[in-house]
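A.B. asks: Here you go, sequence then predicted model.
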Amino acid sequence: MRPYAKCLAGVGYFNFPKNYAHGSYFVVAPGAGVDYRLSYRIRLRLADFEYQYWPQFSFGATQNYAITTGIRFIIR
């Protein structure tokens, strides 16, 4: 088992419903998760949690949460 933490920052692109408008906004996304090693190159991602914060969104700051799982392949 290998826990990890991450913090991403950058530009998020948002397309409003029915293409009424679109925009690009600054986004900060901290997160954390746990990987389980199945073999040298394959890891099972048991849980990955991410919180997105869009502080300059058009209608006021907004936030999103996500929890995902999956398989991670290492290519070298």
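C.D. replies: In hand now; what should we look at?

A.B. asks: Grab the most central residue of the protein for me.
C.D. replies: residue 50 (5.0 Å; C-alpha atoms, centre = their mean).

A.B. asks: quick one: that residue and residue 31, what's the gap?
C.D. replies: Computed as C-beta to C-beta, to the nearest Å, the residue 50 to residue 31 distance reads 4 Å. Where you see a C-beta, it was placed from the backbone N, CA and C, and this is true even at glycine.

A.B. asks: okay, and the common contacts of the two?
C.D. replies: Where contact means C-beta atoms under 8 Å, 6 or more residues apart in numbering, the residues bridging residue 50 and residue 31 through contact with each are residue 6.

A.B. asks: if we can go back for a sec, doesn't residue 7 make contact with the residue nearest to the centre of the chain?
C.D. replies: No. Counting by C-beta atoms under 8 Å, residue 50 stays clear of residue 7, with 10.1 Å between them.

A.B. asks: Mutual contacts of these two, please.
C.D. replies: Looking at what touches both residue 50 and residue 7 (by C-beta under 8 Å, 6+ apart), the common residues are 29, 30, 31.

A.B. asks: and residue 21, what are its phi and psi?
C.D. replies: Its backbone dihedrals place residue 21 at phi -160, psi 170, with angles given as degrees, to the nearest 10.

A.B. asks: quick one, what contacts it?
C.D. replies: Applying C-beta under 8 Å, 6+ apart to residue 21 gives the contacts residue 58.

A.B. asks: same check, this time on residue 3
C.D. replies: When contacts are taken as C-beta under 8 Å, 6+ apart, residue 3 is in contact with 32, 33, 34.
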